[in-house]
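Enquirer: Quick check, what structure comes out for this input:
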Amino acid sequence: MNEDNNGNNFENEFEKKGLINYLGAIIGGIVALVLCFTQFYRFLLNIVIVFGGMFIGNYVQKNKSHVKEKLKEIIDKF
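Expert: Below is the predicted model:
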């Protein structure tokens with residue numbers, strides 16, 4: 001029937017498809033564990049904060065009048 005030399009063709013196909021379907025999740029989980037155990041996430045968090053600050057600064061510089069209006073509206077609500 002559907003048996004190979006080992007007699008477990010169905011199990012082999014299931015393992016192959018299971019690994020292929022969830023390979024991204026497995027790799028992501030391993031990377032997350034490595035990051036947590038090495039505390040490398042602190043460095044990555046700092047990098048994200050720096051890039052976020054750069055993005056906000058660039059936005060404010062290019063949209064000064066719009067930002068001033070929004071800040072005035074927020075301050076006037078108080």
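
Enquirer: number of nearby residues for V60?
Expert: Neighbouring residues of V60 were enumerated by other CB atoms under 10 Å; the total is 13. Any C-beta I mention is one placed from the backbone N, CA and C, and that applies to glycine too.

Enquirer: no no, M54
Expert: That count, for M54 with other CB under 10 Å as the rule, works out to 10.

Enquirer: Could you list the residues in contact with the helix or strand containing it?
Expert: Taking DSSP states H and E as the criterion, M54 maps to helix 41-62. Helix 41-62 has contacts (CB atoms under 8 Å, 6 or more residues apart in numbering) with L35, V67.

Enquirer: neighbouring contacts of the helix or strand that that helix is followed by?
Expert: Following helix 41-62 in sequence order, the next helix or strand is helix 64-77 (DSSP H and E). By CB under 8 Å, 6+ apart, the residues outside helix 64-77 that reach it are Y59, V60.

Enquirer: what is the mean pLDDT for helix 64-77?
Expert: Mean pLDDT, helix 64-77: 91.

Enquirer: what residue is smack in the middle of this protein?
Expert: G28 (9.2 Å; CA atoms, centre = their mean).

Enquirer: So it, which state does it fall into?
Expert: For G28, the assignment made with DSSP: H, G, I helix; E, B strand; the rest coil gives helix.

Enquirer: so what pLDDT did it get?
Expert: The model's pLDDT for G28 equals 89.

Enquirer: again with G53
Expert: pLDDT at G53 comes out at 94.

Enquirer: Now do it: how many residues are near it, please.
Expert: G53 has 10 neighbouring residues, counting by other CB under 10 Å.

Enquirer: do the same with the one 3 residues further on
Expert: Residues near I56, counting by other CB under 10 Å, number 11.

Enquirer: Could you break the protein into its assigned domains?
Expert: As assigned by automatic domain parsing, the chain contains the domains 1-38, 39-78.
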